[in-house]
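Asks: Provided below for reference: sequence and predicted model.
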Amino acid sequence: MGSTWTDFFSAFIKGPGWFPGTERLGDISFVPENPVREKYDPPVSPLLHLYTVTHFLLSFLAIDTTVKTIKLMSPTTSLLLILYNLWGLTSIGLLYENSPWAWPCEIIRRTSTLIIINQIAVAFLYQLICCRPCLQSLLALPPFCSSTS
């Protein structure tokens, strides 16, 4: 491309035939009529297709749920869910590209998912048991989380 960073960015701004020393729009005769490019199609196993399609559908459901309930969430929670969904979709792309970062990224994402789900389940059970006095008496639980206001 170019020897300086301005030449590098000028090649994108001024057009495909531009080289240092040519006019602003460059010389179109240097641009090939039909560029020959190798098709990018790395081989992937059918199990990977099944895995990624399943996670894509789950991501689609998560995005749909996020969009439907976004008015009930705080902006921080909304942003975190959107970033998490982008992380999941990026992870699917990394898996299809056979990137060396694909499986470590996927393991971290799945582990964080399990931790988040565990925290949500614990919070839900806490709210269910501690905030419902009739459930406490029905289940004969000790008053470890009695609400004293």
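Replies: Nice, I can see it.
Asks: helices or strands up against the lengthiest helix in the chain?
Replies: Secondary structure of the chain per DSSP state H: the longest helix is helix 102-130. Packing partners of helix 102-130 (3 or more CB pairs under 8 Å, 6 or more residues apart in numbering; DSSP states H and E): helix 75-96, helix 133-139. C-betas here are computed from N, CA, C, even on glycine.
Asks: for these, which one ends up most surrounded?
Replies: By mean neighbour count, with neighbours taken as mean count of other CB atoms under 10 Å, helix 75-96 ranks first of the helices and strands packed on helix 102-130 at a mean of 14.
Asks: quick one: it to helix 102-130, angle?
Replies: 150 degrees (axes from the mean of the first three to the mean of the last three CA atoms, to 10 degrees).
Asks: Throw the helices and strands packed on helix 102-130 into JSON lines and include mean pLDDT and distance to Asp64, thanks.
Replies: Listed next are those as JSON lines, based on pLDDT from 0 to 100; distance: least, CB to CB, whole Å:
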{"stretch": "helix 75-96", "mean pLDDT": "90", "distance to Asp64": "10"}
{"stretch": "helix 133-139", "mean pLDDT": "51", "distance to Asp64": "32"}
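Asks: closest one to Ala123 among the ones you listed?
Replies: Closest to Ala123 of the helices and strands packed on helix 102-130, according to CB to CB: helix 75-96, at 13.2 Å.
Asks: List the contacts of the closest one.
Replies: Residues from elsewhere that reach helix 75-96 (CB atoms under 8 Å, 6 or more residues apart in numbering): 42, 44, 48, 51-52, 55-56, 58-59, 62-63, 66, 70, 73, 101-103, 105-106, 109.
Asks: which one is Pro20 nearest to, not counting chain neighbours?
Replies: Asp7 (5.2 Å; CB to CB, 6 or more residues apart in numbering).
Asks: wait, isn't that neighbour in contact with Trp18?
Replies: No - using CB atoms under 8 Å, Asp7 is not in contact with Trp18; the gap is 9.2 Å.
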